[in-house]
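got a sequence here, can you model it:
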Amino acid sequence: MTDPEPKDDTTADDRRGAFSAWVPGEAGVLPRGVAQQARARLDRMRTSGRPAADPSVGAGTRQDAPAELPAATLAAATRVVGAGLAPPEQGRPFLEGPTFAAPFHAAGELSDAPYYYGRMGNPGFEAYERALGALDGGHAVVFASGMAAAAAVLLRLLGPGDLLVAPTDGYPGVVHIAKEHLAMRGVGVRLVPTDDQAIRRAAKGASLVWIESPANPGLQRLELEETIAACRRAGARVAVDNTLATPLRQRPLELGADLVVSSDSKHLTGHSDLVLGHVSTGDEEIADQLRQWRTLVGSIPGPFEVWLAHRSLATLDVRLQRQEEVAAAVHAALRDREDVSDVRYPGFSSVVGFDLGSPRRARAFLAALDVVVEATSFGGIHSSAERRDRFGDGQVTPGYVRLSAGIESPDDVVADVLRALDLSS
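The predicted structure follows:
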């Protein structure tokens, strides 16, 4: 039997008194403290030279050359909402719809038209790339998948006589390309664990050092800025797989990396319905080389998928905050369990890892889950989990579970995980 709902004993006068804590503000009715902060912010903007709105200017028009807030002063949650959008135009949508075209009208010379064939470019590609470039702090190139993005870096930028350093415990696809394609083309391959000292030692003589931090699936974290600097001093370019962190938690280009690679299928698009990837770099020449590679091998995404990705990007901050709340709650609950070992959480992002001791128990645990679904990948709005060693790459123990926190209630996800642990004991 549940307790009855508490009776509201407040009077109309009490409620009027509570409302008196709210005052008219320049954006409507605001709590007193918020109104004061808003007025102070507006005052700072005005005294810094940003012109106030002219009441004589008609609706739908803009004053000549108004001062804009520098993007660097905006919070990540604000920047991600407007990233890559065109300037406001009367009667136009916030985000233009996808452009479906193989050929475009392109009379005369190719340079006379901005687009002439869909494999070479598309307005939607460029809008999404502007958004990603703004978030990463570089020039972005979008690809049909995260592996297409990784392959572009590895196969386009490395040739005979070069040396690649790559992690043995990172994303397996990179190791497969290194062993099965680069090595037979005369590229040296040096594989090391995701460990700062091991990577720094291996960087000597390397052409490219590929690192993940946090790593997937083991969630190891590096002293990223120091390790990048050491690799650069050794003469190597550095590529960082930033899929787990996202540019809202870590910006490797600002830490000295040459390239940042991401599977956009994960957090960036966040709804478990797209397969995309991208590379960002501070070097415009490298970005052009990667675009040429994309055109040559045809690893372009579909226009509708890119539009969906750009549409989804705006909610990255709110999704990630909720996922981290859920992940932290799961991590805290698992640390108190004596029947769970090797609990891992990098302190941000959505992924928690833990060991249940055996494949049998891990499978029983996954079968007992209700709210959390059994599936591969991570970064989506639905909580999911899998026994990661089922892929047979030997990177984690046979009983290791990788859990990706979604945006459900933290209490419900924790309760589901604890119930499944009890049932699988």
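
any idea how far residue 128 lies from residue 78?
As for residue 128, its distance to residue 78 is 18 Å (criterion: C-beta to C-beta, to the nearest Å). Using the backbone N, CA and C atoms, a C-beta is placed for each residue, glycine as well.

of these two, who's got more company?
Between residue 128 and residue 78, counting by other C-beta atoms under 10 Å, residue 128 is the more crowded of the two (29 against 13).

what helices or strands is the host helix or strand of that one leaning on?
According to DSSP states H and E, residue 128 maps onto helix 123-136. Helices and strands touching helix 123-136, by 3 or more C-beta pairs under 8 Å, 6 or more residues apart in numbering; DSSP states H and E, are helix 76-82, strand 139-143, strand 277-281, helix 303-313.

average model confidence for it?
Averaging pLDDT along helix 123-136 yields 97.

ok, residue 228 touching residue 256?
Yes - assessed by C-beta atoms under 8 Å, residue 228 is found in contact with residue 256 at 4.3 Å.

overlap in contacts, these two.
Counting by C-beta atoms under 8 Å, 6 or more residues apart in numbering, the shared contacts of residue 228 and residue 256 are residue 238.

comparing these two, which residue is more hemmed in?
Ranked by neighbour count (other C-beta under 10 Å), residue 228 and residue 256 place residue 228 first, with 26 against 18.

export whichever strand or helix holds the more buried one as PDB, just CAs?
In this structure, residue 228 sits in helix 224-233 according to DSSP H and E. Extracted in PDB, the C-alpha atoms of helix 224-233 (Å, rounded to 0.1, in the frame of the first residue of the first chain):
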ATOM      1  CA  LEU A 224      47.000  13.000 -23.400                       C
ATOM      2  CA  GLU A 225      48.700  16.400 -23.800                       C
ATOM      3  CA  GLU A 226      52.100  15.200 -22.500                       C
ATOM      4  CA  THR A 227      52.000  12.000 -24.600                       C
ATOM      5  CA  ILE A 228      51.100  14.000 -27.800                       C
ATOM      6  CA  ALA A 229      53.900  16.400 -27.100                       C
ATOM      7  CA  ALA A 230      56.400  13.500 -26.700                       C
ATOM      8  CA  CYS A 231      55.300  11.900 -29.900                       C
ATOM      9  CA  ARG A 232      55.500  15.200 -31.800                       C
ATOM     10  CA  ARG A 233      59.000  15.800 -30.400                       C
END
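
which is the next helix or strand following that helix?
Counting by DSSP H and E, what follows helix 224-233 is strand 237-241.

which other helices and strands contact the next helix or strand after that following strand?
Using DSSP H and E, the helix or strand that directly follows strand 237-241 along the chain is strand 259-263. Here strand 259-263 touches helix 146-157, strand 237-241, strand 277-281, going by 3+ C-beta pairs under 8 Å, 6+ apart.

what about strand 259-263, distance to the chain center?
From the chain centre to the centre of strand 259-263 is a distance of 9 Å (C-alpha atoms, centre = their mean, to the nearest Å).

list the neighbouring strands of that strand plus their orientation.
strand 237-241 (parallel), strand 277-281 (antiparallel) (DSSP bridges).

with respect to residue 82, which of these lies nearest?
strand 277-281 (18.0 Å; C-beta to C-beta).

and the contacts of the very next helix or strand once past the closest one?
Where DSSP H and E defines the elements, the next helix or strand beyond strand 277-281 is helix 284-297. The contact list for helix 284-297 (C-beta under 8 Å, 6+ apart) reads 119-120, 138-141, 143, 148, 152-153, 155-157, 258-259, 279, 281, 299-300.

again, 7 Å this time
119, 120, 139, 141, 143, 152, 156, 279, 281, 300 (C-beta atoms under 7 Å, 6 or more residues apart in numbering).

whichever of those end up buried, select them in PyMOL.
Buried members of the contacts of helix 284-297, defined by 16 or more other C-beta atoms under 10 Å, are picked up in PyMOL with:
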select buried, resi 139+141+143+152+156+279+281+300
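
for the residue nearest to the spatial centre of the chain, which non-adjacent residue is spatially closest?
Most central in the chain under C-alpha atoms, centre = their mean is residue 246, positioned 3.2 Å from the mean C-alpha point. Leaving aside its sequence neighbours, residue 246 sits nearest to residue 267 (C-beta to C-beta, 6 or more residues apart in numbering; 4.9 Å).

gap between the one you found and residue 107?
Residue 267 is 43 Å from residue 107, by C-beta to C-beta.

these two: which has the busier surroundings?
residue 267 (28 against 7).

residue ranges of the strands in this structure, please?
For the chain, the strands defined by DSSP state E occupy 22-25, 28-31, 139-143, 163-167, 188-192, 208-212, 237-241, 259-263, 277-281, 341-344, 351-355, 373-374, 384-387, 400-404.

direction included, what does the shortest one pair against?
Right, strand 373-374. Partners of strand 373-374 in the sheet, by DSSP bridges, are strand 384-387 (parallel).

wait, residue 252 sits on residue 240?
Yes - between residue 252 and residue 240 a contact is recorded at 3.8 Å, counting by C-beta atoms under 7 Å.

what's the most buried one of the helices and strands packed on strand 259-263?
Comparing the helices and strands packed on strand 259-263 by mean neighbour count (mean count of other C-beta atoms under 10 Å), strand 277-281 comes out on top with a mean of 28.

look up the closest residue to residue 170, ignoring the ones flanking it.
residue 212 (4.2 Å).

what do residue 252 and residue 240 both touch?
Common neighbours of residue 252 and residue 240, counting by C-beta under 7 Å, 6+ apart, are residue 260.

and the gap between residue 206 and residue 324?
Residue 206 is 34 Å from residue 324, by C-beta to C-beta.

show me which of those two is the more surrounded one.
In this view residue 206 and residue 324 are compared by other C-beta under 10 Å, and residue 206 has more residues nearby, 22 against 17.

so where's this protein shaky on pLDDT?
Along the chain, segments meeting pLDDT under 70 span 1-72.
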